[in-house]
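Engineer: Have a look at this prediction, sequence included:
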Amino acid sequence: MDVVHREGRATAAAVRAALASPPSYSAVRALLRILEEKGHLRHEVDGPRYVYLPTVAREQAKRSALLHMLHTFFQGSESQVMAALVDLSPKGLDEREVRRIKQLIDDVRVKGR
């Protein structure tokens, strides 16, 4: 999905070429077909090949994936997600990131969400 979103449209060969450790061509085709069946992609025919396009905007897909992860792995707890993200950072958060997070929290408090 990342390759198709980044490029805007991509063939199975282009997706495979963009992967660091690509699976077989047939595995990539199968995955693209599954993503299409689930409604994440659609295809157009360009001669003998299929060109895949995303069906939803990247921001919408990102939000949907994050919500799914939040509910699947963190029981809906935003604070658990934040703690996990901070734990993942090998150097910890730099001062700019800390200020940005504080600003986001302050903005939520002001909006009353």
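Structural biologist: Received it, and whenever you're ready, just let me know what you need. Residues are numbered from 1 along each chain as shown.
Engineer: can you dump the C-alpha coordinates of stretch 22-32 into CSV?
Structural biologist: The C-alpha coordinates for stretch 22-32 follow below in CSV (Å, rounded to 0.1, in the frame of the first residue of the first chain):
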residue,chain,number,x,y,z
PRO,A,22,10.7,-8.6,-2.1
PRO,A,23,8.7,-11.8,-2.2
SER,A,24,8.0,-13.5,-5.5
TYR,A,25,6.2,-11.7,-8.2
SER,A,26,3.2,-14.0,-7.8
ALA,A,27,3.1,-13.3,-4.1
VAL,A,28,3.0,-9.6,-4.8
ARG,A,29,0.2,-10.1,-7.3
ALA,A,30,-1.7,-12.2,-4.8
LEU,A,31,-1.4,-9.5,-2.2
LEU,A,32,-2.5,-6.7,-4.5
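Engineer: got the buried residues for that stretch?
Structural biologist: Neighbour-count burial for stretch 22-32 flags 28, 29, 31, 32 (criterion: 16 or more other CB atoms under 10 Å). Every C-beta, even on glycine, is put in place using the N, C-alpha and C of the backbone.
Engineer: does the second one belong to a helix or a strand, and which?
Structural biologist: Assessed by DSSP states H and E, residue 29 sits inside helix 25-37.
Engineer: Can you read off the backbone torsions of residue 76?
Structural biologist: In terms of degrees, to the nearest 10, the main-chain angles of residue 76 are phi 80, psi 10.
Engineer: typed the wrong thing, it's residue 85
Structural biologist: Dihedral angles (degrees, to the nearest 10) for residue 85: phi -70, psi -40.
Engineer: how many neighbours does it have?
Structural biologist: For residue 85, the count of nearby residues is 11 (other CB atoms under 10 Å).
Engineer: same deal with residue 80?
Structural biologist: 13.
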